[in-house]
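Asker: Pasting a predicted model and its sequence here:
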There are 2 protein chains.
Amino acid sequence: MENNGSIKVVPLGGLGEIGKNITAIEYEDEIIVIDCGIAFPDEEMHGVDLVIPDITYLKNNAEKVKGIFLTHGHEDHIGSLPYILKQLNLPIYGTKLTLGLIENKLKEHYMLSDCELHNVNAGDVIELQNLKIEFIRVTHSIADSCAIAIHSPLGVILHTGDFKIDFTPIDGLVMDLERISNLGKEGVMLLMADSTNVEREGHTISEKAIGKTLTRIFSNAQGRVIVATFASNIHRIQQIVDASVMYGRKIVFSGRSMENISQVAMDLGYLHILEDYIIGIDDMHNYSNKDITIITTGSQGEPMAGLARIAFATHRKLAIEPEDLYIISASPIPGNEKLISRVINELFKKGAEVIYEDLEEVHVSGHAYQEELKLIHALVHPKYFMPVHGEYRHLRHHAKLAQKLGMQDKDIFTMETGQVLELTKEEAKVTGKVHTGSVFVDGLGVGDVGSIVLRDRKLLAEDGMLTIVVTLERESYSIIAGPDIITRGFVYAKESDELINEVKEIVRNELNKCLDNRIIEWYVLKSNMKKSVERYLYRKTKRNPIILAIIMEI
Amino acid sequence: MENNGSIKVVPLGGLGEIGKNITAIEYEDEIIVIDCGIAFPDEEMHGVDLVIPDITYLKNNAEKVKGIFLTHGHEDHIGSLPYILKQLNLPIYGTKLTLGLIENKLKEHYMLSDCELHNVNAGDVIELQNLKIEFIRVTHSIADSCAIAIHSPLGVILHTGDFKIDFTPIDGLVMDLERISNLGKEGVMLLMADSTNVEREGHTISEKAIGKTLTRIFSNAQGRVIVATFASNIHRIQQIVDASVMYGRKIVFSGRSMENISQVAMDLGYLHILEDYIIGIDDMHNYSNKDITIITTGSQGEPMAGLARIAFATHRKLAIEPEDLYIISASPIPGNEKLISRVINELFKKGAEVIYEDLEEVHVSGHAYQEELKLIHALVHPKYFMPVHGEYRHLRHHAKLAQKLGMQDKDIFTMETGQVLELTKEEAKVTGKVHTGSVFVDGLGVGDVGSIVLRDRKLLAEDGMLTIVVTLERESYSIIAGPDIITRGFVYAKESDELINEVKEIVRNELNKCLDNRIIEWYVLKSNMKKSVERYLYRKTKRNPIILAIIMEI
């Protein structure tokens, strides 16, 4: 039984990057997958909407894969499901809210009826042939979050999922530290733990603290209160609702994801609002401004989401009104700082009041700080440790934290996506690397935008393009139409007449030189034209537009 | 004497934006300009290198403009000079270091000999016909910084420039609070004050504190220490040098601006290094690693600067070595967070140690926090107040701070670039707006990239482009070559054969339909082709590439 002796842990995404969390765990002829998230494109990925993981490894082992087990319902953990399930239709296991969010998503892709969803509760254990998958309650910035313990014949692997330790969560459902502690007592082979906030000292504050701040802010509000937050942060929304109800305000949900997710959360019993406190956006005119709270999307300053649309007056139904108070109850995700700032500036410019994290405690992170991480390490005291969920700097600092707590360097595995950690009863080591990667979703295309397309988009964005078209007659070796020059994104047309005429002259000379010598191979003609024009343009403008040379032959 | 009664303050840049600081102050037939900075392009400004102010207003009043008075040598205050002086050659007034940095810049533009530079010292007063311009020492993150007081027959305008109140500056030259206090006692008509850090509570720490942290970090370093910081932060560099000398380390300056500015600062006596402590980058091999400090550019993660080149192994002379310790002694300028994070991750990945602001006190801001601002307001207690140097949110909060300190709303002017504040003995009010704006520098082009070019670059970046070329014979109303289709940045060529063939078919049909009806107007043919192709591509891909339709006619 050659494989009997080892279990493999294969992160297919999420290490050394933000988002796209997905991990395969393999023992004999069983593979389970933990989470299946998306990443958001960075600024180099022009035009890309989403980034999903390359699951070649899972497809190559399709017969072994038993299911996808989800820790919680955030996009970076469930967002790739519609795309991945089209490639490999697997059973999905998750808690009620997580599945509710997924159903919504699968409906939009017209594939809900083809998918197999299994509802689990915190505490449940799914028994496969050799592996047992246990869901353990944690606290996080979305309700119904779990850690996952994988019980194998070789030992236990504990994956924390995303968590913080909130001793006073809004739903009263505290993290199951007892179970985690018991697992530690029985012996955990490998701990995989959230590294997001490992650079932050101390302890996160409780979600409940935000409620107090909100209540105080609401008590002074004279007009409407408009709160932008993450649609998935049900507990935050509950607190906004509670503060509103306290001051007799009706609630309006605005923005597609806010409307969808709040509805799912209410239907499933995660969000509690007396029915007559919810009003439609079209019924607002029946109430005075001081009796209205609007909960909207756009807390990241996204140009197409609710808050930015209100600020820049492009919202179909909402406009800034006197005495409006805007609260941005969120932190900027790295990269979004300027977008948010733009929205804040615009709101201020139009005379509104705006409260955000820099000014008041209106947001708290959902990821454990150093002291919380230390507690988990102390309770679990695993044999081996793999930091997960973070950029490389976070993984590295999490490794250092584990060392400070007494672990030996050799027992800590700071890995990259695709590396394979293989564990036996005796040892753990990195034994290889599997194919992984990023697949770009752009519009309807999945994977049809790759590095060449992106490189061209980058070049086009930098300096635009210049197209040269000329029609040649093969028999007479002569130019019979053109050269025509068309540019986009290069220079102002009206200021470039001289430049363009000069380019035409260069093209003509270059072509005639070739044609006089009876050279009519397109690739030579094109390449000579391009080179001359490129040189000329760079000398004149220090720019390198993409040059397309097109020869029509008759 | 119709103008006798009023003085105009016209911010031509810097309000409601970061950077591009420039203000005109006009009394009778005299205009003086304070600062002349650049802004950096935001991510929407594809391919733009720099943003400079539109100085139409100054050009229209050229005979009045007496000179440019500079508060300090940061790029956002002096960076536009080479471009502006080409449009309007004005005398420049500034302190020694500020002028030293400008000389450097003007030399690079081959225009130093054409410019008139006047060296002033803190405390100096430049007397024009009606206006007196007084330079007052402040502390900031660059040496030799000044506030500027404009004495006019109507009263005093005090412009703080950029400042913090550092009671223990590295050069011992404390801010001249006494003079500022005296001005306050005599009566200040208008205060214009730095708003950058108005959202931060408390007081900045002294630059000196960073020296202590650096010394402690240096004491533990086993290999080379590589510090990335702003080249203009001479005092920071002095402290890095001092810590190096304390541990017997030689200093290497790396990066063009670091080499240039440190040389200027040494030549002018602002940076003190024993000569044999400076070594060239090519002499490093003569020393052991623990005897070397490298001070480099790239603290913002800029891909082309020193630090990123070291991290990504594209530096010509420097590579990561074992036991290297990297210190990023700077804060991310908003928008640069991800660039810096990328460099940090790469350094960690390659096994180096990295220390940055999140982990240690290795940077301090050069802009006053709330308590410092309050002190200035209290000392100056001006009649009117205009917050400057900040995004709109900062200006707004600075206005609120002034209100809290007792000023009346009507005496506070939260303005936008281009608005004119007119002050008489009796009152102050906004009386108009002058033409202002942003001029884009792209390569050698100044102002030849505008909104249309940027819009096209944005579209090209999003979805790329598709070019249709066809040659028609006018006489026979027939297609004699093409249609040819070329795409860039749209889809993978190899995956798009079917799509492209379909596009050709659509173009052929559309053209033949027109030609059969004897329609040969280019604009009709082109527009019909484009529309059909656009519709087809969007339906198939949900993308909107720029479509160029080119018809050659013979």
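Answerer: That came in fine, so what should we check first?

Asker: Could you use CA atoms for every contact and neighbour count after this?
Answerer: Noted.

Asker: buried stuff in the strand with the most length in chain A?
Answerer: Ranked by residue count under DSSP state E, the longest strand found in chain A is strand A:478-488. Neighbour-count burial for strand A:478-488, with 16 or more other Cα atoms under 10 Å in any protein chain shown as criterion, is recorded at A:479, A:480, A:481, A:482, A:483, A:484, A:485, A:486, A:487, A:488.

Asker: Also stretch A:501-508?
Answerer: A:503, A:504, A:506, A:507, A:508.

Asker: re the thing from before, nearest to residue B:35, of the buried residues of strand A:478-488?
Answerer: residue A:488 (35.3 Å; Cα to Cα).

Asker: thinking the closest one is in contact with residue A:465, fair?
Answerer: Yes: in this structure, residue A:488 is within contact of residue A:465 by Cα atoms under 8 Å, at 5.5 Å.

Asker: Please, where are all the helices along the stretch 401-550 of chain A?
Answerer: A:451-463, A:497-516, A:522-541 (DSSP state H, counting those that start in this stretch).

Asker: do you know how far the closest residue to residue A:55 other than its chain neighbours is from residue B:366?
Answerer: Excluding its sequence neighbours, the residue lying closest to residue A:55 (Cα to Cα, 6 or more residues apart in numbering or on different chains) is residue A:436, at 6.7 Å. Counting by Cα to Cα, to the nearest Å, the separation of residue A:436 from residue B:366 is 45 Å.

Asker: Looking at these two, which one has more neighbours?
Answerer: Counting neighbours by other Cα atoms under 10 Å in any protein chain shown for residue A:436 and for residue B:366 shows that residue B:366 has the greater number, 22 against 18.

Asker: So the more buried one belongs to a helix, correct?
Answerer: No: per DSSP: H, G, I helix; E, B strand; the rest coil, residue B:366 lies outside any helix segment and is coil.

Asker: dump the residue contacts of it.
Answerer: B:139, B:140, B:141, B:162, B:163, B:164, B:204 (Cα atoms under 8 Å, 6 or more residues apart in numbering or on different chains).

Asker: Let me see the contact set for the residue of the stretch 151-300 of chain A at minimum distance from chain B.
Answerer: Relative to chain B, the nearest point of the stretch 151-300 of chain A is residue A:199 (6.9 Å; Cα to the nearest Cα). Neighbouring residues of residue A:199 by Cα under 8 Å, 6+ apart: A:369, A:370, A:394, A:397, B:358, B:359.

Asker: same for the strand or helix carrying the fourth one, what does it pack against?
Answerer: Taking DSSP states H and E as the criterion, residue A:397 maps to helix A:392-404. In this structure, helix A:392-404 makes packing contacts with helix A:370-380, strand A:384-388, helix B:337-349, judged by 3 or more Cα pairs under 8 Å, 6 or more residues apart in numbering or on different chains; DSSP states H and E.

Asker: Residue A:154: which of the ones you listed is closest?
Answerer: Of those, the one closest to residue A:154 (Cα to Cα) turns out to be strand A:384-388, at 13.0 Å.

Asker: That closest one vs helix A:392-404, what angle?
Answerer: 150 degrees (axes from the mean of the first three to the mean of the last three Cα atoms, to 10 degrees).

Asker: as a whole number, average confidence for strand A:384-388?
Answerer: Averaging pLDDT along strand A:384-388 yields 98.

Asker: cool, stretch A:469-478 as well?
Answerer: For stretch A:469-478, mean pLDDT is 81.

Asker: now do stretch A:424-431
Answerer: 94.

Asker: and that stretch, which residues are buried?
Answerer: So stretch A:424-431, judged by 16+ other Cα under 10 Å, has buried residues A:424, A:428.

Asker: And for stretch A:112-130?
Answerer: A:112, A:115, A:117, A:120, A:121, A:122, A:125.

Asker: go on, stretch A:543-554?
Answerer: Of all the residues in stretch A:543-554, those buried under the rule 16+ other Cα under 10 Å are A:543, A:544, A:545, A:546, A:547, A:548, A:549, A:550, A:551, A:552, A:553.

Asker: export those residues to JSON lines and tack on pLDDT and distance to residue A:213?
Answerer: Formatted as JSON lines, the buried residues of stretch A:543-554 follow (pLDDT from 0 to 100; distance: Cα to Cα, whole Å):
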{"residue": "A:543", "pLDDT": "87", "distance to residue A:213": "52"}
{"residue": "A:544", "pLDDT": "89", "distance to residue A:213": "53"}
{"residue": "A:545", "pLDDT": "91", "distance to residue A:213": "53"}
{"residue": "A:546", "pLDDT": "91", "distance to residue A:213": "54"}
{"residue": "A:547", "pLDDT": "92", "distance to residue A:213": "57"}
{"residue": "A:548", "pLDDT": "89", "distance to residue A:213": "59"}
{"residue": "A:549", "pLDDT": "88", "distance to residue A:213": "63"}
{"residue": "A:550", "pLDDT": "87", "distance to residue A:213": "64"}
{"residue": "A:551", "pLDDT": "85", "distance to residue A:213": "68"}
{"residue": "A:552", "pLDDT": "83", "distance to residue A:213": "69"}
{"residue": "A:553", "pLDDT": "79", "distance to residue A:213": "73"}
